[in-house]
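Pasting the sequence and the predicted model now:
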Amino acid sequence: MPTIKILIADDHHLIAESLSMLLGSVDKFEILGVVNNGWQAISFIENNNVDVVLADIHMPLLNGLEMAMKLKEATTSTRIIMLTMSEEAHHIREALQAGVHGYVMKSAEKPELIKAIKTVFGGEKYFSEKIIKKLAEIEDVQSPNGKVRIEDIMPLTKREIEILRLIVEDLSNIEIGEHLHISSTTVETHRRNLMKKVGVSSAIGLMRWGLKHGLVEGV
């Protein structure tokens, strides 16, 4: 894996320096710098090859969400992770609209933060479990290009989520097929793909995974 070049943007100096020390010790992570507002982050990114920026939402002069929007407009290749304490629905909406690639809680432990950075660097999106559950409660999140839905950031397709919910209701492949107007063979294919994607081997495993990620309700 190539070295991931990281910028930290946070006006809480102790937190920023702690993050720099924490991540700087990770193999293949290089901390390029620490800035304390969105304008400084944009200027730094314009003059340096930054792979991933970790940004707080609340920063002076230009906050993290405004920074993300401007970077999106500039079509930069830098990947953006919001690292914040906020679980507020409006902040999550604004982050999605700004085109961020990740949203991680500051309460996250080191392994999750490392995973988030590697995931967004690899071209995918990463959202903390708390945020995924919150997203499941948000109706019709809008972005400039249309709706941003939970399935847009989950590893599952919309159809797979539908089938997951029907499996949890203990419907057979035939019953699911009739409900969705597809063949039972197609349902079986989706079922196998589901299990492979989430790393389980049974319907019970799917139920537990769905509960964990807020996609299904307890039965």
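Good, I have the coordinates.

got the domain boundaries for this structure?
If you go by automatic domain parsing, the domain ranges for the chain are 4-150, 158-212.

With the flanking residues excluded, which residue is spatially nearest to Ala116?
Across the structure, with Cβ to Cβ, 6 or more residues apart in numbering as the measure, the residue nearest Ala116 apart from its sequence neighbours is Tyr126 (4.2 Å). Bear in mind the C-beta positions are built from the backbone N, C-alpha and C, glycine included.

pLDDT at the one you found, what is it?
According to the predicted model, the pLDDT of Tyr126 comes to 83.

Tell me what it is bridged to.
Per DSSP bridges, the residues bridged to Tyr126 are Gly102.

So it sits against Ile81, correct?
Yes. Contact between Tyr126 and Ile81 holds when scored by Cβ atoms under 8 Å: they sit 7.3 Å apart.

the more surrounded of the two?
When Tyr126 and Ile81 are compared for neighbours, Ile81 comes out ahead with 27 against 23, by other Cβ atoms under 10 Å.

what are the phi and psi angles of that one?
Per-residue torsions, Ile81: phi -120, psi 120 (degrees, to the nearest 10).

for it, what are its contacts?
With Cβ atoms under 8 Å, 6 or more residues apart in numbering as the criterion, the residues that contact Ile81 are 52-55, 100-104, 116-117, 120, 126.

Now it: closest residue in space, sequence neighbours ignored.
Closest residue in space to Ile81, ignoring its immediate chain neighbours: Gly102 at 3.7 Å, by Cβ to Cβ, 6+ apart.

do Ser201 as well
By the measure of Cβ to Cβ, 6+ apart, the closest residue to Ser201 outside its immediate chain neighbours is Met195, 6.1 Å from it.

what about the one you found, how many residues close to it?
The number of residues packed around Met195, counting by other Cβ under 10 Å, is 17.

Same question for the one 3 residues further on.
Residues contacting Val198 under the criterion other Cβ under 10 Å number 19.

ok, the closest residue to it other than its chain neighbours - how many residues close by?
Distances taken as Cβ to Cβ, 6+ apart put Trp209 closest to Val198, at 4.6 Å, once the chain neighbours are dropped. The criterion is other Cβ under 10 Å. On that basis, Trp209 has 20 neighbouring residues.

If anything else comes up later, I'll come back, but that's it for now.
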